[in-house]
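Visitor: Next one to model:
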Amino acid sequence: MAHQLRQHGLPHFRASIPRCLRLAFALLITLNCLQIANSQKTNVGLIYESTKPEMEKIFQMAIAQANEDSGGELELHGIAVAIEPGNAFETSKKLCKMLRQNLVAVFGPTTDLAAKHAMSICDAKELPFIDTRWDFGVQMPTVNLYPHASQLALALKDLVVALEWSDTFTIIYETGEFLPTVNELLQMYGTAGPTITLRRYELDLNGDYRNVLRRIKNSGDYSFVVVGSMATLPEFFKQAQQVGLMTSDYRYIVGNLDLQTIDLEPFQHGDTNITGMRLVSPEMENVQNLAKALYETDDPFQNVSCPLTTNMALVYDGVQLLAETFKHVMFRAVPLNCNDASSWDKGYTLVNYMKSLSLNGLTGEVKFDYEGLRSDFTLDVIELSMSGMQKIGEWKTEDGFIANRPPPKIVEQDQRSLVNKSFVVITAISEPYGMLKETAAKLEGNDQFEGFGIELIEELGKKLGFSFTFRLQEDNKYGSFNPKTGKFDGMMLEIIEGRADMGITDLTMTSIREEGVDFTIPFMNLGIAILFRKPMKEPPKLFSFMSPFSGTVWMWLGIAYLSVSLTLFILGRISPTEWDNPYPCIEEPTELENQFSFPNCLWFSTGALLQQGSELAPKAYSTRTVASIWWFFTLILVSSYTANLAAFLTIESLSSPIENAEDLAANKGGVKYGAKVGGSTFTFFQDAKYPTYQKMYEFMRDNPEYMTSTNAEGVDRVENDNYAFLMESTTIEYITERRCSLTQVGSLLDEKGYGIAMRKNWPYRDILSQAVLELQEQGVLTKMKTKWWKEKRGGGACSQEGENDGAEELGIANLGGVYFVLFVGSIFASIYGFVEWICHVYGTARRNKVSFKTELIEEFRFVMQCSGNTRPVKYPKNSSRSRSRSSRSRSHSRSHSRSSSKSSTLSVDSLPLDESKLHHISEHTKHAK
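Guide: Numbers count the residues shown, from 1 in each chain. All right, here's what the predicted structure looks like:
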C-alpha cells in the first residue's frame, strides 16, 4: 500500500496539505482498496429446507469444485440459509437479509410455496433465480434446470407405447400439482387411443392410500402410470403391496425422476413390474465420487440404486453453469433492499448468457431452447429386477425410447434355497395363532403346539423344504421399544440377538418394529376395532300396537275420521232423500226423521273403520259416495296396518350406548375403554394425529386402571362391565365366534397387517414373502382361517345359534297395550252404564214419588237375578195422561221445529193439507194406538 502511495507522488502531496486532510485521504484510499478486494468475491445464495441438510453440503462442494476448476480466476462464495419446509414468510425474511450481501444469483428451495415467494422477490429485484424443482412455467429472471413437464409427458407416452399398453391404463397422481404433466399426457392421446382412467391417491387421510388402492384393484386394471413426489411414493408402494397390487400381474411406470433413491428391495423378488426414468446415472464416475464424498462412505449405493436426488444434482450443475458464465462475463453485484425499488440491472443479461451456454454435468448435457426451457435431455429408462434396479434403455428428445435391455442375470439357486435348512421359530400363546394342544397325553417339541401361525410355518416348511423347531416365549411379550434403554423386549429381542430365526404370532407390522427386524409381506390384513357387548333388547312399549303408523299418520287418521263424520252429517241434512217418514202407515206425516244425527255419523264411521259395519245405510247419492270413499280408505289403511303389525310386534328394537370411536371419545353412555399395555394398539393411539384418537389416548394415559396386561383380561371386562376393549379386528372376529354376547362395534380405525418377523437383512426374507404370497393366491390362507376361526375350538357356535333362532312367541309385554285399551274401555263403559242406571232409578223414583232407596234395592234385586230377558212395567201410564202428554209433545215439537234448525225431524204443517184429511189422520192414529 505504501509503495502505491509513493508511486502516485504522495510525499509531494503530503507537504502541500494539512495533516488532518492527509489522514482522511489515506482512510478513503484504504476503504476503496478493501472494497476492490471484496468485490472480487462472487456471492451465491442458497435457500434450503432444514430437513435436507445434504443440500447445503453439496452446494458448498459445488462452490469449492468451481473455484478449483477456475484456477484462481474466480472466487465463488456460498451463502446458505435453512428454512422450515414450505414457510413462505421465513423464506422472504431470510432472502431479503441475504440480498444485502451483493448476491449474483439465488438457488431456491424445493417446496412449492416457499419457492414461489423467493422467485417473486428475485423477479422484483431482477436477480437471477436458479430453480431445481419441477415447474411448468418459467419467468424472467429464472433459470429452471429441471426437464420441462411437456417433455416428461412425452417420455411417459413413449414408454407406454413401448411396453404395449394399447388397451387401457390408469394414471395415478398425487395432487393437483402434478396435473399439468397428466394433462399434457392426455392431450397427446386426444380422443383416440387407449381408455385412460384418472385416480388421485393423496386425499388428506394422514397418508392412508389403501381405500383408493382397493378401488383401483377392484377396477380390474393392471397397468398404472404413477406421478407423485418422493414424500409419498415409498409409502404408496408399501400400501400397494399390502392390498395385493405388487404382484406379477400388475405393471407400473413411475413418472418421478428420483425413483432410483427409493429402497425397492422389498419388491424386487416378487416379480413386480416397475419401470421408471432417471436423470442422474450412478454409472457415471463423477456421480460415484461425489456420492462417496457427500455421504463419507465407500458404498453409498448399499440400499438404493443412487442416493443423489435430482434436486441435489441440479444444484451442483447450476453452480457449475454459473461459474462457466463468469468465465466469459464479469458483472459487479450490488446490495439490494427489499424495502425500496432498487434492482440489479445486470440480472437479465446474466440469465440470458447462462441460457446460451451448455455443459456436461451430473444430469447429462445442460442446455436450453429458444424459450429458455430445458427441453432437450437424455433419461435412463430403468426397471426393477431380482438383482435390483437395472438400465434397459434410454430416452432422448429426438429419438424417443431406445431399448437396450441387458441379458438376465442368473441367480444361483443355492443363495435363495431353504432346502435342508433348520430354523428356530419363536411363538407366543395367543388364540388362534399359537396354542397348546388340548390333550391328556404329554407332548413335547413341535407336537405340543397348534394354531393358525403354527400351521402357516408348517405349510411354508413343506413348500420350501426347511425344518423348524418351535420355542415358546415364556413372558408372552411380543416386543415393544423402550426409548430409555434403546432396546426391544420379548420376541423381538430374541430375534435381534439371534436366539431365534423367525417369530410367528399375531405380531403387528409397525415402523418402530421394522427398525429392529424385517417382516415378510403380511399374511393377514386387519385393523383396530372396538369389542363391546351386543346391543341390548329394548323392552316392548306398552302401546307397541300403534307402532305400524307414525304419530303423524294417527293424527291425520283422527282428522279424517272427524271430517268424514261431519261431512255425512251435513250431507244427510241437506239431502232430501235422507229425510224419512217415521210412520210408514201414514201417507202424509206431519214430521220427517233423519238417521244421520252427528252421534250416528260418528258411529257409522267407527263401524267402517273397525271393519264391523253398522245398522245405518246411506240412501242419497252424496252420502253413499262419501261412505264408499271412506270404506275404500279404511280398507287400504287397515290392510297396511295389519301387514306391518306382525313385524312390529315380533321384531324387538336393539339399543347400544356406542356406535363408533367418536361415541367412545365423548364418553357416551358412561362406557369406559382401554387396550393392552405396551401393545401396537396403544402405540397407534399414542402416535395418532386425528383429534378423536388423540383424545382417546389421553383418556387411556390418564386412566391406567382401564388398561389390561392381556387381551383375555380385556375380553372378560367387556362381558362383566360397562367397558369396551380396543384390539385387532381378526382377534375380535375369533372371539365373537365363541362368545355370543360380544360383537364388534363400528368400522376399523386403521389398517395394518401381521407378518413373520426375522433378523434384519436376513437373506431368506424375499423367498418367504414369495411363498406367503403364493399361499394367498392359492386360497390356502383363506381355508386355514376358516378352519381356526369357525371350526376349531368351539368356532361357529354363535353362527349356529343365529341359524336356530325362529320366530319368537308373543308375550304379554308385546300385547300389553291392547289389553290396556280393552281394560280401560270396559271400565269406562261400566262406569258410564252404572251412572246411567243410577240416574234412571233416581228419575223413576222422583216421578212416581217413591223412596230412592226402595227403588234402588228393587232394581238391584232384579239385576242380580241374572235370568230372563223380560220385565213387567212397574208404573203403567193411563191413556188420558198419555194422550195429553202426546198432544203436548206434538205441540212442543211443532213450535220447536219452527225455532230450531238442528232437529232430526221435519214439520209438514206448512203443507196445504185438507182439514178432512187431517181429521182422518187423527182418527187413524187413535185406532192405531
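Visitor: Can you tell me how far I574 is from T623?
Guide: Distance from I574 to T623, counting by Cβ to Cβ, to the nearest Å: 10 Å. (Each C-beta comes from the backbone N, C-alpha and C, glycine too.)
Visitor: Which one of those two is surrounded by more residues?
Guide: The residue with the greater number of neighbours, taking I574 and T623 and applying other Cβ atoms under 10 Å, is T623; the counts read 25 against 9.
Visitor: OK, contacts around that one?
Guide: L568, L571, G572, S575, E578, F596 (Cβ atoms under 8 Å, 6 or more residues apart in numbering).
Visitor: Mind putting those into a markdown table with secondary structure and neighbour count?
Guide: A markdown table is the format used below for these (DSSP: H, G, I helix; E, B strand; the rest coil; neighbours: other Cβ atoms under 10 Å):
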| residue | secondary structure | neighbour count |
| --- | --- | --- |
| L568 | helix | 25 |
| L571 | helix | 21 |
| G572 | helix | 27 |
| S575 | coil | 18 |
| E578 | helix | 20 |
| F596 | coil | 24 |
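Visitor: Looking at those residues, which one is closest to T197?
Guide: Using Cβ to Cβ, L568 is the member of the contacts of T623 that sits closest to T197, with 66.8 Å.
Visitor: Pull up the gap between that closest one and Y561, please.
Guide: Note on L568: its distance to Y561, by Cβ to Cβ, is 11 Å.
Visitor: next one: A323
Guide: Using Cβ to Cβ, A323 is found at 99 Å from Y561.
Visitor: same check, this time on V104
Guide: As it turns out, when the distance is counted by Cβ to Cβ, V104 lies 95 Å from Y561.
Visitor: Nearest residue to the residue sitting nearest the centre point of the chain in space, please, no chain neighbours.
Guide: Nearest to the geometric centre of the chain sits L205, at 7.4 Å (Cα atoms, centre = their mean). Nearest in space to L205, with sequence neighbours left out and distances taken as Cβ to Cβ, 6 or more residues apart in numbering, is N211 at 7.4 Å.
Visitor: Go ahead and report the secondary structure state at that neighbour.
Guide: Here N211 is helix, with the state taken from DSSP: H, G, I helix; E, B strand; the rest coil.
Visitor: Count the residues that sit near H77.
Guide: If you count neighbours by other Cβ under 10 Å, H77 ends up with 14.
Visitor: Check the one 5 residues further on too.
Guide: Other residues within reach of A82, judged by other Cβ under 10 Å, total 17.
Visitor: Pull the number of nearby residues for the residue lying closest to S709 once chain neighbours are set aside.
Guide: Taking Cβ to Cβ, 6+ apart, and ignoring the residues beside it in sequence, S709 has V677 as its nearest neighbour in space, at 5.9 Å. Taking other Cβ under 10 Å as the neighbour definition, V677 ends up with a count of 13.
Visitor: Confirm V424 sits in a strand?
Guide: Yes: counting by three-state DSSP, V424 is found in a strand.
Visitor: can you offset everything so residue one is 9?
Guide: Sure, I'll start numbering at 9, so the last one becomes V432.
Visitor: Surely it and S475 touch.
Guide: No: judged on Cβ atoms under 8 Å, V432 makes no contact with S475 at a distance of 10.5 Å.
Visitor: Specify which residue of the two has the higher count of neighbours.
Guide: For the pair V432 and S475, the greater number of neighbours falls to V432 (16 against 11), based on other Cβ under 10 Å.
Visitor: pLDDT below threshold where in the stretch 559-708 of the chain?
Guide: Low-confidence segments of the stretch 559-708 of the chain (pLDDT under 70): 654-663.
Visitor: any idea where the helices of it begin and end?
Guide: Here the stretch 559-708 of the chain has its helices, by DSSP state H, counting those that start in this stretch, at 559-582, 606-617, 629-658, 669-673, 688-695, 699-710.
Visitor: Looking at the ones you listed, spot the one closest to H85.
Guide: Among the helices of the stretch 559-708 of the chain, the nearest to H85 by Cβ to Cβ is helix 688-695 (43.6 Å).
Visitor: now that closest one against helix 699-710, angle please.
Guide: Between the axes of helix 688-695 and helix 699-710, defined by axes from the mean of the first three to the mean of the last three Cα atoms, to 10 degrees, the angle is 110 degrees.
Visitor: who does the helix or strand where H125 lies touch, helix- and strand-wise?
Guide: Using DSSP states H and E, H125 maps to helix 120-133. With contacts defined as 3 or more Cβ pairs under 8 Å, 6 or more residues apart in numbering; DSSP states H and E, the packing partners of helix 120-133 are strand 49-57, helix 96-106, strand 137-139, strand 150-152.
Visitor: related to what we said a few turns ago, in JSON lines, list the helices of the stretch 559-708 of the chain along with distance to E523.
Guide: Converted to JSON lines, these look like this (distance: least, Cβ to Cβ, whole Å):
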{"stretch": "helix 559-582", "distance to E523": "62"}
{"stretch": "helix 606-617", "distance to E523": "76"}
{"stretch": "helix 629-658", "distance to E523": "57"}
{"stretch": "helix 669-673", "distance to E523": "28"}
{"stretch": "helix 688-695", "distance to E523": "13"}
{"stretch": "helix 699-710", "distance to E523": "22"}
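Visitor: Mind checking those for the one nearest to L781?
Guide: Among those, helix 688-695 comes nearest to L781, with 23.0 Å by Cβ to Cβ.
Visitor: For T575, list the residues it contacts.
Guide: Residues near T575 by Cβ under 8 Å, 6+ apart: V634.
Visitor: at 10 Å instead, please
Guide: Residues near T575 by Cβ atoms under 10 Å, 6 or more residues apart in numbering: C609, S613, S630, T631, V634, A635, I637, W638.
Visitor: distance of the closest residue to the fourth one other than its chain neighbours from E586?
Guide: Put plainly, it is T631. In space, T631 comes closest to L579 once its chain neighbours are excluded; the distance is 5.1 Å by Cβ to Cβ, 6+ apart. If you measure L579 against E586 using Cβ to Cβ, the figure is 8 Å.
Visitor: okay, and the common contacts of these two?
Guide: Common contact partners of L579 and E586 (Cβ under 10 Å, 6+ apart): F604, P626, A628, S630, T631.
Visitor: For the residues you listed, work out which two are farthest apart.
Guide: Set against one another by Cβ to Cβ, the shared contacts of L579 and E586 have their most distant pair in F604 and S630, with a gap of 11.1 Å.
Visitor: Quickly list what's touching both of the two.
Guide: Taking Cβ under 10 Å, 6+ apart as the contact criterion, the residues that touch both F604 and S630 are L576, I578, L579, G580, S583, E586.
Visitor: how close does the second one sit to T631?
Guide: Spelled out, that is I578. Computed as Cβ to Cβ, the I578 to T631 distance reads 10 Å.
Visitor: Name the residues contacting each of those two.
Guide: Counting by Cβ under 10 Å, 6+ apart, the residues touching both I578 and T631 are F604, C609.
Visitor: What segments of the stretch 209-358 of the chain are strands?
Guide: Secondary structure of the stretch 209-358 of the chain, counting by DSSP state E, counting those that start in this stretch: strands at 231-235, 259-262, 281-286.
Visitor: is it possible to export those to TSV including mean neighbour count, mean pLDDT and distance to Y850?
Guide: Formatted as TSV, those follow (neighbours: other Cβ atoms under 10 Å; pLDDT from 0 to 100; distance: least, Cβ to Cβ, whole Å):
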stretch	mean neighbour count	mean pLDDT	distance to Y850
strand 231-235	23	93	98
strand 259-262	22	93	101
strand 281-286	23	92	105
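Visitor: Rebuild the ones you listed as JSON lines, extending it with distance to I512.
Guide: Shown next, in JSON lines, are those (distance: least, Cβ to Cβ, whole Å):
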{"stretch": "strand 231-235", "distance to I512": "33"}
{"stretch": "strand 259-262", "distance to I512": "31"}
{"stretch": "strand 281-286", "distance to I512": "29"}
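Visitor: Tell me which of those strands lies nearest to E867.
Guide: Minimum separation from E867 across those (Cβ to Cβ) falls at strand 231-235, 98.1 Å.
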